[in-house]
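Enquirer: coords please:
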Amino acid sequence: MAQNTPTTPAAGPIRAMWEDERTAYLLLTVGPALFASNMLMARWTADLIPPVARAFWRWTVTLAILCLFVGPRLWVRRHAIVREWRDLFWLGALGMGACGAFVYIGADTTTATNISLIYAASPVLIILIARFFYGEAMSPRQGLGVGLSLAGVLVIVCHGDLAVLLGLRFAAGDLWIVAAMAAWAVYAILLKYRPSEMGAMTRFGAIVLFGVLVLAPFHAWEVLSGEVPVPSLQTAGIVLFLALVPSFGAYQVYGRIQESLGAARTSLLLYLIPLYNGVLAWLLLGERFETYHLAGAALVLPGIYLATRRP
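Expert: Below is the predicted model:
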């Protein structure tokens, strides 16, 4: 990602704080919870709001929130947006379209276990793309960390029983999640390596704008097909939550971490999502926190440390 425009002296300390690696590692503990909230909401709201409508209104409200911060800058940078429209189109289609709607479509016909397992492959795909297409270094120690993290995720999603993994059957929903996972990997790589004249938040606002434009015709088709969300305070609350937490919050945190740690190491936060899902399900839904969660954490957390630590 291109560097932001030079900051004023007063803004320097703030920017230095954001770019400090210690702050990035702190945010690395927050990001998974923000992303996990979207998966929990995908399961909980599967019968309340049609999937494309959920994605469209989620990102439309997010765009409105972003405009409070970067609306004037989007206008000032309109010529840069025109020059970069191809990148912005694909980033919006991948990050907001595929990663938004596909997860909600898949959640109708697949299990939370399968979603977690499939998304666990995303950091591996990001690391491989970054390594082989962009030359991002990966030491043997980082490779060991990737392996430990993946093993921990498998322990969690298999409930400590290998027979669960061997007995998995992939439904149509799983294929949608596979597509969403691959889209996220490509989105993360493009966000890092495609140059931009805009600052991080301004660029994100432009990406969301294009994402909403990509989703709009599919939402219209969904409405014409008879799938219309029912207006209610509950529906409005769901959309607002999705806009504030797994959209604005999660993507801002991910982008800030990636500026300091790089695409491959930042992607490791996705390994923590199944662990956070288990904890949140225990707190919010009354599900039991089992021994295999602790065993998975004992593998995931050291793996995160090894994979994200600089040589």
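
Enquirer: hey, let's count contacts and neighbours off CA atoms from now on
Expert: Fine.

Enquirer: roughly how far out does stretch 269-277 sit from the chain middle?
Expert: Chain-centre distance of stretch 269-277: 11 Å, with CA atoms, centre = their mean, to the nearest Å.

Enquirer: neighbouring contacts of that stretch?
Expert: Residues from elsewhere that reach stretch 269-277 (CA atoms under 8 Å, 6 or more residues apart in numbering): 28-29, 31-33, 35-37, 40, 116, 119-120, 122-123, 149-150, 153, 156-157, 293, 296-297, 300, 304.

Enquirer: same deal with stretch 44-58?
Expert: Stretch 44-58 has contacts (CA under 8 Å, 6+ apart) with 96-97, 100-102, 104-105, 107-108, 212, 215-216, 218-219, 222, 227-230, 235, 239-240, 242-243, 247.

Enquirer: give me the distance from that stretch to the chain's centre.
Expert: 17 Å.

Enquirer: also stretch 107-126?
Expert: 12 Å.

Enquirer: start and end of it, how far apart?
Expert: Stretch 107-126 has an end-to-end distance of 23 Å (CA to CA, to the nearest Å).

Enquirer: pLDDT on it, on average?
Expert: The predicted model assigns stretch 107-126 a mean pLDDT of 73.

Enquirer: just the buried ones from the contacts of stretch 44-58?
Expert: Buried residues within these, defined by neighbour count using 16 or more other CA atoms under 10 Å: 96-97, 100-102, 104-105, 107-108, 212, 215-216, 218-219, 222, 227, 235, 239-240, 242-243, 247.

Enquirer: helices - which of those residues land there?
Expert: Here DSSP state H is the test, and the buried ones among the contacts of stretch 44-58 give 104-105, 212, 215-216, 218-219, 222, 235, 239-240, 242 as lying in helices.

Enquirer: so for the protein, the centremost residue is which one?
Expert: Centrality entry for the chain: nearest residue to the mean C-alpha point is F35, 5.7 Å, by CA atoms, centre = their mean.

Enquirer: I figured it hits A250, correct?
Expert: Yes: contact criterion CA atoms under 8 Å: F35 and A250 qualify, at 6.0 Å.

Enquirer: low pLDDT regions in the stretch 51-200 of the chain?
Expert: In the predicted model of the stretch 51-200 of the chain, residues 111-114, 117, 157, 159, 164-165, 168-171 satisfy pLDDT under 70.

Enquirer: what's near enough to touch the spatially closest residue to M96 that is not a sequence neighbour?
Expert: Closest residue to M96 apart from its sequence neighbours, by CA to CA, 6 or more residues apart in numbering: G211 at 5.1 Å. G211 makes contact with 59, 89, 91-97, according to CA under 8 Å, 6+ apart.

Enquirer: ok, which pair from those is furthest apart?
Expert: Within these, W59 and F89 form the most distant pair, 14.5 Å apart (CA to CA).
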